[in-house]
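**Q** Provide a 3D model corresponding to the input given below.
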Amino acid sequence: MNTAILSSQSVLRTAKKYYHSREIIGIPPSAGGAHWSKGIFLDEIMMRYPMDKLGVIKLSIFTIALLKDTKYYEDVNENLAYPMVWGERAGKYLPNYPTIIK
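**A** Below you'll find the model as predicted:
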């Protein structure tokens, strides 16, 4: 089964740094391709249901990286990202890891 992988420059650099893995080749989108995969992100603005239990909509460093890669939003401030902890530094222990490495 082939899995689509988003591997634009900023997204790939962000993934390798965040997950602490040089083997990552990209981040898979959801099955429909318009959102991030829930196996990679739990709650984030690019999720199908982005709001958490408190009604907060989170903008992650990954979505900021994707915005930068479009070249329309190159000046987005990464410091505005909502702090993420899900999967941080997880490396090969990340869910769906086999789909995002070489």
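**Q** what's around residue 66, how many residues?
**A** When neighbours are counted by other CB atoms under 10 Å, residue 66 registers 20. Every C-beta, even on glycine, is put in place using the N, C-alpha and C of the backbone.
**Q** now it, what's its secondary structure?
**A** helix (DSSP: H, G, I helix; E, B strand; the rest coil).
**Q** So residue 13 sits against residue 65, correct?
**A** Yes - counting by CB atoms under 8 Å, residue 13 does reach residue 65; the two are 7.2 Å apart.
**Q** Where do the helices of this structure begin and end?
**A** Ranges of helices in the chain, per DSSP state H, are 9-18, 61-69.
**Q** For the shortest one, enumerate the helices and strands it packs against.
**A** Contacts of helix 61-69 with other secondary structure elements, assessed using 3 or more CB pairs under 8 Å, 6 or more residues apart in numbering; DSSP states H and E, are made with helix 9-18.
**Q** mind listing what's buried in the helix it packs on?
**A** Using 16 or more other CB atoms under 10 Å as the test for burial, helix 9-18 gives 10, 11, 12, 14, 15, 18.
**Q** Likewise for stretch 76-85?
**A** Result for stretch 76-85 [16+ other CB under 10 Å]: buried residues 76, 81, 82, 84.
**Q** Which residue is the nearest non-sequential neighbour of the third one?
**A** By the measure of CB to CB, 6 or more residues apart in numbering, the closest residue to residue 82 outside its immediate chain neighbours is residue 58, 3.7 Å from it.
**Q** Let me know the pLDDT of that neighbour.
**A** For residue 58, the pLDDT comes out at 77.
**Q** pretty sure it contacts residue 44?
**A** Yes - Residue 58 lies in contact with residue 44 (CB under 8 Å); the separation is 5.3 Å.
**Q** So which of those two has more stuff around it?
**A** residue 44 (23 against 19).
**Q** I'd assumed residue 64 was in contact with the more buried one.
**A** No - Residue 44 is beyond contact range of residue 64, at 10.8 Å (criterion: CB under 8 Å).
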